[in-house]
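[1] sequence isn't available, so here's the structure alone:
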């Protein structure tokens, strides 16, 4: 295994102490879910969005099926507006871990040049993420899709099951969910129906970071502070290095140390000013953070109950 | 784009050495209703442990414009995650909350107090190790409190906290607190629960939740709620021997064959003799494989890959178990069920039963129904309606493998799935294998003994009994009920 720029921020792999019991319990639970879904469903797939949660999910999947390969493909829904560093990282991981990577972009959206700037974040997300995801799931005839969602992220996610049932048109009905007792999961579905499975349900943001640290999991460099160009727009620090970026009248492109707490489409993902260049720095920052990680995400704020609405329509 | 929030600036870190936690997360359930102040209590736990961030609180205030007297956000809004809940002001479903202290992290199953509480409580309690029962100090212990305690006990919870809330509204009256604490301890004892802590709490003012309430209640010298949670025990090594329900067989190449699953009880090490159930074949453990290293032991909770020393036929749904203390294998078991769906549970209908990784056909015959009001079991052989708790007989086409739920909460638990709807319609706990009572050998005379529990345990451990365990029916009950049953036979 060769070392690349993605490993530069983690410590050397020499002395790895055993996981603390808390993380070990979360890891065990996630591996159990991975194995159960892989055994019960005919065509599972793992949603891979390149961020820190996806990186943890990928690591856990490798652990779950070791010494075998991951027995299902990874699906990346590419909106065309991801940070170039994310795409480079994705391709590097696929090569390094010998993954079956499926990349899908909504052809309609690409043809119509759907852009978060001209069409707004809501329509962009709807077409390039939610609709694209449905297309890709239908095309692959996947009957189970792993996602990295956590219950602590957002209010409607707190009521999400570990096996979350979806109708043939990918709808989620939060009022009519199957009860889920112990760790006994009900994987029975009819043809066309599917299940979204969430191995990280019980993880918190801090757990994710501590696990990344304990396990030396590679991450896209965007999570670490570096000198980057950006503007302040609507109270959000927007990355300004893409050729499609256009400064609005009166906007000043600045350059300073910034980093990202979550990764998504760059026009919708706010950065924070930070000097955290190592994993230890990032965790130390997190421990004293007073705002949640999704604070930088424009899509959550469009309206109250925004995430629930998107989930009902098939968003992860 | 419609972004409106202000740019976040996080100050560079001073030094925040993450304390290594030495305990697993504690899973708990909170029982009580809105009237008891449950949302306020959970909100207070999240707020005072800083699990709620500023932007989330700001969103709450923006949505409602409401704040309470203390300038805190409206916690009910934080907790009611679904649009329908916010619109109707009710809580619909089990929600999971996360918070942590320096010592431990916690997963709270937050269940609605009124609507469908049996179904939701059973769901939340199935994974919980501790139940927090909330009462309003003014209203005292209600019938509801007894019901919640009964369900929690049935689901295997052995640690209770009674949070006597709104203590500020009765002027921190010690006598009233003592009276309620005693009353509840008697209820808990009648259910067989000995670990009970009663705490006087004002969730609104944050007294005895995370921070102590000494200023208002100098007379209370016990722990705060969080202190009790930090010290509570997590059910770990189950009392029975090694159990590995096989989830999948890993065959990455011709040379490797491993059995993957999560250890559901006991421990295992290379060299141990194991039996594969239901086939009964025997092998020795050659290796315990994990991603990190080849391990020299695995314990309950570990997700592992087991390699055996010989070619044996093992498939998903089988169980690999220690040879000395095997689970029960049979075609008929007794169990307790909680009916979870509007259709209830129909006698004689064939359901799917899933336990661990094993799924098989089963027929269910109810025999009695729990009256939650009195705590008594009444004879009942009809359908079990939604939210009912019943005792049932389970009959299988193929061998089933279980431990009693009392002995192992994983290998003794199951769900029922309706083959018509594919929905989960019941959660169940195994009482034990059903003997031949009334079965094939019904020509033989039978004897019913009523023994002190310690004497029964000694007899059960003896070789004479274990050899013919299949033919013996055992139930545990209190002396009064035993006398009552024997009295019935005499009359």
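    Sure, I can see it. Since the model is a prediction, treat every value here as computed from it, not as a measurement. Residues are numbered from 1 along each chain as shown, chains lettered A, B, ... in the order given.

[2] so what's residue 267 up against?
    I'll assume chain A. Each residue near residue A:267 by CB atoms under 8 Å, 6 or more residues apart in numbering or on different chains is listed here: A:81, A:116-117, A:121, A:238, A:245, B:1. C-beta coordinates here come from the backbone N, C-alpha and C atoms, glycine included.

[3] chain B, not that one
    Contact analysis of residue B:267 by CB under 8 Å, 6+ apart lists B:237, B:242, B:297-300.

[4] state the pLDDT value of the closest residue to chain B within the stretch 201-316 of chain A.
    Per CB to the nearest CB, the residue of the stretch 201-316 of chain A with the smallest distance to chain B is residue A:284, at 3.4 Å. With respect to pLDDT, residue A:284 has a value of 88.

[5] doesn't it belong to a helix?
    Yes: following the definition DSSP: H, G, I helix; E, B strand; the rest coil, residue A:284 is counted among the residues of a helix.

[6] I'd say it and residue A:277 touch.
    No: the pair residue A:284 and residue A:277 fails to qualify as a contact (CB atoms under 8 Å) at a distance of 11.7 Å.

[7] which of those two has more residues huddled nearby?
    Looking at residue A:284 and residue A:277 with other CB atoms under 10 Å in any protein chain shown, you find the greater number of neighbours at residue A:284, namely 19 against 16.

[8] residue ranges with poor pLDDT in the chain?
    Since no chain was named, I'll use chain A. A:1-15, A:290-307, A:310-311, A:313-316 (pLDDT under 70).

[9] meant chain B, my bad for not saying
    Where chain B drops to pLDDT under 70, the residues are B:1-22, B:34, B:53-92, B:113-116, B:236-239, B:435-444, B:460-471, B:491.

[10] so which residue is smack in the middle of it?
    residue B:126 (2.7 Å; CA atoms, centre = their mean).

[11] just give the nearest non-adjacent residue to that one, would you?
    Excluding its sequence neighbours, the residue lying closest to residue B:126 (CB to CB, 6 or more residues apart in numbering or on different chains) is residue A:181, at 4.0 Å.

[12] any idea how far the one you found is from residue B:121?
    The spacing between residue A:181 and residue B:121, counted by CB to CB, to the nearest Å, is 11 Å.

[13] which residues touch stretch B:164-178?
    With CB under 8 Å, 6+ apart as the test, stretch B:164-178 has contacts from B:32, B:36-37, B:40-41, B:134-138, B:180-181, B:198-205, B:207, B:213, B:216-217, B:219-220.

[14] which parts of it are buried?
    B:164-168, B:172, B:176-177 (16 or more other CB atoms under 10 Å in any protein chain shown).

[15] restricted to strands, list the residues you listed.
    Counting by DSSP state E, these place B:164-165 in strands.

[16] these two touch, right, the residue nearest to the centre of chain B and residue A:179?
    No: the pair formed by residue B:126 and residue A:179 falls short of the contact definition of CB under 8 Å, at 9.1 Å.

[17] what do these two both touch?
    Among the neighbours of residue B:126, those also in contact with residue A:179 (CB under 8 Å, 6+ apart) are residue B:427.

[18] how about stretch B:293-310 and chain A, any contact?
    Yes: contact of stretch B:293-310 with chain A (CB under 8 Å from any CB of the partner chain) involves B:301-303, B:305.

[19] mind picking the two most distant members of those residues?
    For the residues of stretch B:293-310 next to chain A, the maximum inter-member distance is 15.1 Å, found between B:301 and B:305 (CB to CB).

[20] who's more crowded, those two?
    Each of residue B:301 and residue B:305 has its neighbours counted (other CB under 10 Å); residue B:305 has more, 25 against 22.

[21] what's opposite residue A:239 in the beta bridge?
    According to DSSP bridges, the partner residues bridging residue A:239 are residue A:230.

[22] picking that back up, make a markdown table out of the contacts of residue B:267 and add distance to residue B:412.
    As requested, those are arranged in a markdown table below (distance: CB to CB, whole Å):
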| residue | distance to residue B:412 |
| --- | --- |
| B:237 | 15 |
| B:242 | 15 |
| B:297 | 24 |
| B:298 | 21 |
| B:299 | 18 |
| B:300 | 14 |
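
[23] on that earlier part again, which of the contacts of stretch B:164-178 count as buried?
    A residue is treated as buried here by neighbour count (16+ other CB under 10 Å); on that basis the buried members of these are B:32, B:36-37, B:40-41, B:134-137, B:180-181, B:198-205, B:207, B:213, B:216-217, B:220.

[24] which ones among those map onto helices?
    When those are checked against helices using DSSP state H, the ones located there are B:40-41, B:180-181.
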